[in-house]
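Chemist: Fold the stuff below for me.
(one chain, ligands or ions: 1)
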Amino acid sequence: MTPEKLCALAKDAMHHAYVPYSGYKVGAALLCADGSVYQGCNIENAAYSPTNCAERTAFFKAVYDGHRSFQAIAVCGGKDGIITGAFPPCGVCRQVMREFCEDDFTIYLAGPDGTWEALTLAQLLPHSFSAKKHMNGDAKL
Ligand code: THU
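Modeler: Numbers count the residues shown, from 1 in each chain. Take a look at the predicted model:
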């Protein structure tokens, strides 16, 4: 799976976004360790805080299906589905990534015209809290 292909799948996922409040469509494509890909979109809510981001939709779909090991995720978004620049994952999504992914998990931020940049989870969430690092013995992973 190339970064270009994963970014293209994230872009496709934007079409599924349910965004009557913000109008910002976000798409994600999550690459599992076995090579399978799960797409996600953001799903908004009238009460605002129940809104689920595209990245978490992808993760939750994959985890439901039994996946626990992941290689990379591509993310893109923009007002009315128009990508004008990188749309980086929010802090909550970064923490969900932390739950299942290692420091070298790659986040591709897809930009306009097929451009992308790659960052690691360690770069996006330094000095993070994780069960593996801080709950040894207590977390039933
Ligand atoms: N959003 C995502 O889907 N992923 C992120 O990581 C950042 C924000 C969504 C939530 C909301 O529907 C819209 O973008 C505007 O905040």
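Chemist: how about low-confidence regions in the chain?
Modeler: 137 (pLDDT under 70).
Chemist: Contact distance from the ligand - what residues of it qualify?
Modeler: 19, 22, 24, 26, 42, 44, 51, 53-55, 89-90, 93 (CB under 6 Å from any ligand atom). Where you see a C-beta, it was placed from the backbone N, CA and C, and this is true even at glycine.
Chemist: Which ones among these lie within strands?
Modeler: Tyr24, Val26 (DSSP state E).
Chemist: Narrow the residues of the chain next to the ligand to just the buried residues.
Modeler: Neighbour counting by 16 or more other CB atoms under 10 Å classes Val19, Tyr24, Val26, Asn42, Glu44, Thr51, Cys53, Ala54, Glu55, Pro89, Cys93 among the residues of the chain next to the ligand as buried.
Chemist: mind giving me TSV with these and columns for distance to Lys61?
Modeler: TSV is the format used below for those (distance: CB to CB, whole Å):
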residue	distance to Lys61
Val19	18
Tyr24	20
Val26	15
Asn42	13
Glu44	17
Thr51	16
Cys53	13
Ala54	11
Glu55	11
Pro89	16
Cys93	14
